[in-house]
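Asker: predicted model and sequence follow; I will ask about them next.
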2 protein chains.
Amino acid sequence: MKPMSTVPVRDRPSPTSAPEASPFRLEDFLPYRLSVTANRVSRAFARLYAERFGLTIPEWRVMAVLGTGGPMPASAIVERTAMDKVKVSRAVAALEAKGYLARRPHPEDRRSALLELGPRGRAVFEQIVPLARALEAELTAALGPQDRALLVELLARLDARLARLGALPQEVGDPG
Amino acid sequence: MKPMSTVPVRDRPSPTSAPEASPFRLEDFLPYRLSVTANRVSRAFARLYAERFGLTIPEWRVMAVLGTGGPMPASAIVERTAMDKVKVSRAVAALEAKGYLARRPHPEDRRSALLELGPRGRAVFEQIVPLARALEAELTAALGPQDRALLVELLARLDARLARLGALPQEVGDPG
DNA sequence: TGACATTGGTTTCATATGAAACATTATCCG
DNA sequence: CGGATAATGTTTCATATGAAACCAATGTCA
């Protein structure tokens, strides 16, 4: 709490209680700051994926999980990428069209399919990873390693809080 | 500058050297985490603005700057909201249509106009502010006040870094 | 078994977004 | 001045997004 005016605050003609505690500054508003920075960061990465590999962020995310995990159904990707199923569906279709990904029948559920990167997809994945890491490193050079960890930790706490504050819908943004 | 490998970086003979330093985990990737959390937060606020006031985030942002600042041209709003001019133009048009905002001729430049909230707009603004602050408080309850400040600080450093890493385009996201 | 509800994914449809093209008005400069 | 160039906003156009409707296949349970 700030001391709250000890000064004759501005003669308030209308004592309408606290119409004016402090002026609300958008630039100090956390959700605003978070959004702006996150989007700028996303832009930078999106540019990397797009310019050098012709991938969108959703596509990259799908590759990122398939690149390390074994064959898995789309639902697993939905969980691991925080993207809704529509986005995943489209990203998978795009990757398949590019010849980076293959579907094979799911042995236990004919509605689904197991997804996995093909050789070409895996090659691209392995090219991207070091570049993505490098860009991340360049970015987090602004923070020390422990501040980077701290940032992730703070974000996680916000996530947890949000989860508690009412089970929100599902997904969310673009970047990644 | 970082020490940067003291090793002869470039020519990696390519004994497939480090194809596998560590498995790349999307969930540990900072831009991903940042994006996911920021988008979730934005969703929560967007819901507030939309459900109770029928406003989008861009609209709210415009109101937020006009709510405290005096009459100003759209260009000033572009600067203060980190939104591109198209988004601002549309948000202003929408607010005008809702009767929350008025334009008056700019005395020195006929291409522009001075924007300001009308009485109805100001009333809405004053209703939103406490609610937005309350939601922010609920959210940041997950962090202490100093951690909240720290988070903002870390985000600012990332911003600064990004600015240095190549003058990126302009705008960015949705939330706020 | 045979509805009926559920789940995995895809498609539809309406909206949001932003790059690029525009129309206007200002500014610069020769 | 008078034309070229830049700046302010708006509009156009193609793409991205997601809620809701859908399709197909499973599960439930009476």
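Answerer: Right, received. Where do you want to start? Because the structure is a prediction, the values reported are computed rather than measured.

Asker: name the next helix or strand following the longest helix anywhere in chain A along the chain.
Answerer: If you go by DSSP state H, chain A has its longest helix at helix A:30-53. Next in sequence after helix A:30-53, counting helices and strands by DSSP states H and E, comes helix A:57-68.

Asker: quick one: contacts for A:Val78?
Answerer: By Cβ atoms under 8 Å, 6 or more residues apart in numbering or on different chains, the contact set of A:Val78 is A:84-85, A:88. Every C-beta, even on glycine, is put in place using the N, C-alpha and C of the backbone.

Asker: which of the residues you listed lies at the shortest distance from DNA strand D?
Answerer: Of all the contacts of A:Val78, A:Asp84 has the smallest distance to DNA strand D: 5.5 Å, by Cβ to the nearest atom of the strand.

Asker: what is the burial count for the closest one?
Answerer: 14 (other Cβ atoms under 10 Å in any protein chain shown).

Asker: okay, now A:Arg52: neighbour count?
Answerer: A:Arg52 has 12 nearby residues by other Cβ under 10 Å.

Asker: show me the contacts for it.
Answerer: Contacts for A:Arg52 (Cβ under 8 Å, 6+ apart) come out as A:Leu131.

Asker: try it again at 10 Å.
Answerer: Going by Cβ atoms under 10 Å, 6 or more residues apart in numbering or on different chains, A:Arg52 touches A:124, A:127-128, A:131.

Asker: where do the helices sit along chain A?
Answerer: Secondary structure of chain A (DSSP H): helices located at A:30-53, A:57-68, A:74-81, A:85-97, A:119-140, A:145-164.

Asker: how far off centre is the first one?
Answerer: In terms of Cα atoms, centre = their mean, to the nearest Å, the gap separating the centre of helix A:30-53 from the centre of its chain is 9 Å.

Asker: residue contacts, the closest residue to A:Arg148 other than its chain neighbours?
Answerer: In space, and not counting its chain neighbours, A:Arg148 is closest to A:Thr140: 4.6 Å by Cβ to Cβ, 6 or more residues apart in numbering or on different chains. Residues counted as contacts of A:Thr140 (Cβ under 10 Å, 6+ apart) are A:147-149, A:151-152, B:30-31, B:154, B:157-158, B:161.

Asker: between those, which is closest to DNA strand D?
Answerer: B:Pro31 (14.0 Å).

Asker: burial count for that closest one?
Answerer: Counted with other Cβ under 10 Å, residues neighbouring B:Pro31 total 24.

Asker: please report how far it lies from chain A.
Answerer: According to Cβ to the nearest Cβ, to the nearest Å, B:Pro31 and chain A sit 5 Å apart.

Asker: I'd say A:Thr81 and A:Ala91 touch.
Answerer: Yes: A:Thr81 is within contact range of A:Ala91, at 8.7 Å (criterion: Cβ atoms under 10 Å).

Asker: got any residues that touch both of the two?
Answerer: Residues touching both A:Thr81 and A:Ala91 (Cβ under 10 Å, 6+ apart): A:57-58, A:60-62.

Asker: pLDDT score for the closest residue to A:Glu138 other than its chain neighbours?
Answerer: Closest residue to A:Glu138 apart from its sequence neighbours, by Cβ to Cβ, 6+ apart: B:Leu165 at 6.3 Å. Confidence at B:Leu165, expressed as pLDDT, is 80.

Asker: turn the contacts of A:Arg52 into CSV, columns for neighbour count and distance to A:Lys98.
Answerer: Below are the contacts of A:Arg52 laid out as CSV (neighbours: other Cβ atoms under 10 Å in any protein chain shown; distance: Cβ to Cβ, whole Å):
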residue, neighbour count, distance to A:Lys98
A:Val124, 22, 9
A:Gln127, 12, 14
A:Ile128, 20, 13
A:Leu131, 14, 18
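
Asker: and those residues, which is closest to A:Thr68?
Answerer: A:Ile128 (12.5 Å; Cβ to Cβ).

Asker: from DNA strand D, how far out is the spatially closest residue to the closest one that is not a sequence neighbour?
Answerer: Among residues not flanking A:Ile128 along the chain, A:Phe53 sits closest, at 6.1 Å (Cβ to Cβ, 6+ apart). To DNA strand D, A:Phe53 is 14 Å away according to Cβ to the nearest atom of the strand, to the nearest Å.

Asker: A:Glu126 now?
Answerer: Here the criterion is Cβ to the nearest atom of the strand. By it, A:Glu126 lies 24 Å from DNA strand D.

Asker: same deal with A:Leu66?
Answerer: Distance of A:Leu66 to DNA strand D, given as Cβ to the nearest atom of the strand: 18 Å.

Asker: please look at that residue and A:Met72 and confirm they touch.
Answerer: Yes: shown here, A:Leu66 and A:Met72 form a contact pair, counting by Cβ under 10 Å, at 7.3 Å.

Asker: that older thread, out of the shared contacts of A:Thr81 and A:Ala91, grab the one that's most surrounded.
Answerer: Sorting those by how many neighbours each has (other Cβ under 10 Å) puts A:Val62 first, at 31 neighbours.

Asker: contacting residues around it?
Answerer: Going by Cβ under 10 Å, 6+ apart, A:Val62 touches A:55-56, A:74, A:77-78, A:80-81, A:83, A:87-88, A:90-92, A:94-95, A:100-101, A:115, A:117, A:121, B:26.

Asker: again, only using 7 Å
Answerer: Listed by Cβ atoms under 7 Å, 6 or more residues apart in numbering or on different chains, the contact partners of A:Val62 are A:77, A:81, A:88, A:91-92, A:95.

Asker: kind regards, and thank you for your time.
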